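Participant: would you be able to build a 3D model of this:
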Amino acid sequence: MTEPVGRHVFLVAHGLYPISGHTVTGNGVRAWGLLQGLRHFGHRITYATPEDTAWPGWEKGKAQDIDVVLFRTASDLGQAIRAGSPDVLVIVNWELMEWLPTDLHIPIVFDLIAPRLLEMQFQETGHQGLGAEVLRYLNALARGSRFLCSTERQKAFYYSWLMMSGLDCREELIDVIPISAAPSSAPQSGNRGTELTFVCGGVSWLWQDPSPCLNRLLQVLEERKQGQLLVMAGGYPLAAQKDSQTHLSRELNASSRLAKKGLLSYDEMEKLFRSADVAVDLGKRTPERELSFSYRVVEYLRCGLPVICNHYLDIAAKIDAYEAGWIIDTEDNDTAFKDLIHEILSQPEVVSERSQNALRLIREQLNWEKTIEPLARFCENPKPVIRREHLFNTLLTRSRNFEERLTRQQEEFKHVEERLTRQQEEFQELANAQERIEYRVLHLGIRGILRGLLRIPERIFRILIKPLFSRWNTKNIAIITRADLFPPYHGAAVRILEISRALSHQCEKVFLITADRTTYFVFEKGTMHEVRYPKLLHSFPFGTTSLAQYLRRKGVPALDCFLWFPLYDINHWVRTLFVAYQHGISLYQAEFPGYLRPALFARWFFGGKTALVEHNIEFSRMADELSPRGYRFLRRAETRLCNRADFVITMSDVDRDILQEAGVEDDKITTIPHGVALDRFRKADPRPLRKKYQLDSESPILVYHGIYSYAPNLQAAKALGRIILPALEKRGYRVVCLAIGQDPPLESLHPALRFLGAVDDIASHLELCDIAVVPLTSGGGTRMKLLEYFAARVPVVCTKKAAEGLPLKAGVHAILVNRVDEMVEPIIELIKDSSRARELADRAYALVQEYDWSSIAKRHMQLYQLPWWRTEETSLKKARQGGSARHDSASPNRESSVATSQDERSIY
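Facilitator: Next up, the predicted model:
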């Protein structure tokens, strides 16, 4: 048999252990038994209790070989635990769990000695509402690694609570350790005669009410004029109000055979018990009493007192088996109880025999050198437990997610309300204008009409003729795209706004033409402002409802129809022509295929070049959700549009290959990946966020971000919650994973996975984290999120699919794996080896310097070769750097193909 391994056990109880000259609580008695048993098995103990539970002068009776810690606040307790560096914590009172620091990584043994919630219901005062107590109780249970109770009944009762608290109960989590005593208890003092002394002592709780049984006992003593009843009772020693003695005294009948005392010190109580002959532990039957294990019964037995107790108590079976007392059903047979008292008074020799049996019961069944063994074994080799989110946290998380969704919808309704308000104002302006016109016509007459006619030439000049002259020598670029850019919570929005801002430093102005029919945006040297369209263009010629219906008939999914509206939206064509005519455009850059068609119209009318930026290959991205008809329609449309553009820009060589296979001309395609705004990461400050999200300093923080309405991102989040985090937890690593981005799922995927929703400062949030985990298995393009992790100096563990489009070297810039389940070991490696994580992050940060948006914008301009843009790097070969090595050289026919006569170009 292997020798026991001595550990340092930090025991926290509410109240001191038994000290000579002072009263003691049941918690103190329980803690003393656990302490002595653990010491017997070679463990070192530190005993901690709140300072206000220690009696003045307690130090005189302190055991010399026990370290005692008194604490006032949770901070004091946390400092004491960290200073002592214990191997295991043992908590004897569940309310004290809330005093423990949240960032402890020490196994916690939770002693569930009494059904406290039932006690609270009977007490009815001094506590919060029961619902709040249940939440506190579940939160406390969720932190435990091992649990103790006194009886098998309690064990069955507590398992349901453990399951609700989120613990995996497929393995044994609860050890039954009854309240125990010293194995070498001496018999009581004195010689028994005919005057037997019955004793009932301890805290008398109102709901237990032993007075009816004690009054019947007094009645028998009076009838026989023999014996004495000694009652030692009082309120809970640490309670603010101690009124239980008064209640019991009031209920007991006056008798010469009755002697009453208040609560005594522990050593005086022991003397009193040893001077008595028979103990009485009878009370009203309640669910709490049936589940409890009485402290006083063990004290009676260890002092050699045979006990009269209720038949429904758990210990009654042991007392009956050892003949260490008498078992009685006081509820069913009042006469039987009186007969029992007569029998005891008549046979004092039986009392002596049962006194010895009581001591034997302590030695063989309630001996702390035996009962504490399961706890001692756990302390030698403590093991972590599998934790999941408990019931109420799950409900709370769902409620919060629902509340957040309602809040987002409320914000959307607010935007709709604002838009309706603007439209109402516009209608009012039209009505006012109509009134003014009517006034002019009716009241100014012909004179007013003539004045209006005289202004027509000036308006014609300003709107139609002046732009013809102002368009000469303009150096402007137009970007045509979707409307959902503000706020920029998704990758496409970030790219479009950042490239617009960066390109505005390479030309005079960049005009951002979105699906918004009221406003377009102008970027000038990085600064953006809005410009309103003429009101005629706001609704001309019709809305998009019919376009959506048509595209759905073609097989396009409902959520993606908006990306293809510009194929048929005359309003978008006209607005693009309006901007081109007013400002003069040298290059039209369409973000997503459908938005190229307005650019083709503008090129046909006014000249210039066109470029199509493929964020994803749309027909490939949606292949799994498309019908055969929808797939054919999108593949044909996207391929034809690519071939009509002067330049096609893909985010990765994988996307480039898909387009080539679909029939897009090879010399049109160039790979230019996403960029990143490095200056924002240099200014990021993550410090306030740690307090905001209540993150401890010891748990590693993982991160993933994206929009979870996008299927690949949702799949990645599920992989985190169902594969990666459970595997880390099983290996004993307690981490927090922040999932950033809008449209989080309603269900809770894992307790450690926290969905934060969309955030305004992504840079600070990423710099808060320790490891980025990217378990993507589908999707296309370059993962902008990887560039942002690199810019934040966060080491990355990702799938090879997630790294497409970036020139990453496995193990140098990021750790790349083939499958999601292979990510667990690299994550553990980075958690354990911080220097390795820093090296990985530093090399990735050096790589990402080439991906600043200003550099990406220059690569765009080098590709476009606009006549007014010249730098020392004008070769098309350098514009293609960073793309595929197979396509480093440009087609010699590129320039001639771009210069093809406009008359020969098709607008589709």
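
Participant: what's the neighbour count on the closest residue to Ile570 other than its chain neighbours?
Facilitator: With sequence-adjacent residues excluded and distances taken as CB to CB, 6 or more residues apart in numbering, Ile570 is closest to Pro541, at 5.5 Å. For every residue, glycine as well, the C-beta is placed using N, CA and C. With neighbours defined by other CB atoms under 10 Å, the count for Pro541 comes to 9.

Participant: likewise Leu138?
Facilitator: The local packing count at Leu138 equals 18, with neighbours defined by other CB under 10 Å.

Participant: so Pro795 makes contact with Asp842?
Facilitator: No. Contact between Pro795 and Asp842 fails when scored by CB atoms under 8 Å: they sit 9.3 Å apart.

Participant: the two - which one has more neighbours?
Facilitator: In this comparison of Pro795 against Asp842, neighbours counted by other CB under 10 Å, the higher total goes to Pro795 at 26 against 13.

Participant: now for the more buried one: which residues touch it?
Facilitator: By CB atoms under 8 Å, 6 or more residues apart in numbering, Pro795 lies in contact with 770-772, 814-815, 830, 837-838, 840-841, 844.

Participant: please parse the protein into its domains.
Facilitator: Taking automatic domain parsing as the criterion, the chain consists of the domains 8-176, 197-366, 471-664, 678-851.

Participant: may I see the ones you listed arranged in TSV, with mean pLDDT as well?
Facilitator: Listed next are the domains of the chain as TSV, based on pLDDT from 0 to 100:
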stretch	mean pLDDT
domain 8-176	85
domain 197-366	85
domain 471-664	93
domain 678-851	93
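
Participant: out of these, the one nearest Glu373 is which?
Facilitator: domain 8-176 (7.1 Å; CB to CB).

Participant: distance between the ends of the closest one?
Facilitator: Distance between the boundary residues of domain 8-176 (CA to CA, to the nearest Å) amounts to 22 Å.

Participant: cool, and stretch 643-661?
Facilitator: Taking CA to CA, the first and last residues of stretch 643-661 lie 13 Å apart.

Participant: which helix or strand contains the residue sitting nearest the centre point of the chain?
Facilitator: When the chain is reduced to its mean C-alpha position, the nearest residue by CA atoms, centre = their mean turns out to be Arg754, at 2.9 Å. Taking DSSP states H and E as the criterion, the element that holds Arg754 is strand 753-757.

Participant: can you name the next helix or strand after that strand?
Facilitator: Later in the chain than strand 753-757, the nearest helix or strand by DSSP H and E is helix 762-767.

Participant: chain center to that following helix, what's the gap?
Facilitator: Between the mean C-alpha point of helix 762-767 and the mean C-alpha point of its chain there is a distance of 17 Å (CA atoms, centre = their mean, to the nearest Å).

Participant: quick check: buried residues in it?
Facilitator: Under the neighbour-count criterion of 16 or more other CB atoms under 10 Å, helix 762-767 has 762-767 buried.

Participant: again with stretch 54-65
Facilitator: With burial defined by 16+ other CB under 10 Å, the residues of stretch 54-65 counted as buried are 54-55, 58, 61-63.

Participant: just the strands in the stretch 601-750 of the chain please.
Facilitator: With DSSP state E, counting those that start in this stretch, the ranges of strands along the stretch 601-750 of the chain come out as 609-614, 647-650, 669-671, 701-705, 736-740.
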